[in-house]
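Peer 1: can't give you the sequence, but here's the structure:
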């Protein structure tokens, strides 16, 4: 799914989608993947309606803890799984306002790029330079 970052720069634990149908749990227990990360599988390695709902539940669980006010705004691309009735109903029930960016524009609009990702890009660049 990518990163989920709140307006105060808190990074929610991510979901990692692994290609395949069956988890080999020993791969996860012998590595240093934090317990709050969500692991999902799909035949293609890409998200689908089922994984999107698992991610949304994961998002609700972690974003609710930091919620200020009565609702949360969730900025999304126009991926079809973000527009299902099940997704919208869950958002309504949990006071999440989904806002889909126009199709094929998320790379242009990048609403969080300057505020959140700019410092990350800077330090990532420095780390890459230091490693070479």
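Peer 2: Arrived safely, thanks for sending. Quick caveat, the model's predicted, so the values are computed rather than measured.
Peer 1: Tell me the gap between the strand or helix carrying residue 61 and the middle of its chain.
Peer 2: Using DSSP states H and E, residue 61 falls within helix 49-64. How far helix 49-64 lies from its chain's middle: 8 Å, per CA atoms, centre = their mean, to the nearest Å.
Peer 1: other SSEs contacting it?
Peer 2: Contacts defined by 3 or more CB pairs under 8 Å, 6 or more residues apart in numbering; DSSP states H and E place helix 49-64 against strand 15-19, strand 38-42, strand 72-76, helix 85-93, strand 96-100. Every C-beta, even on glycine, is put in place using the N, C-alpha and C of the backbone.
Peer 1: Of those, which is nearest residue 131?
Peer 2: Closest to residue 131 of the helices and strands packed on helix 49-64, according to CB to CB: strand 15-19, at 22.9 Å.
Peer 1: what bits of this protein have low per-residue confidence?
Peer 2: The model of the chain has pLDDT under 70 over residues 1-2, 23, 25-31, 106-118, 120.
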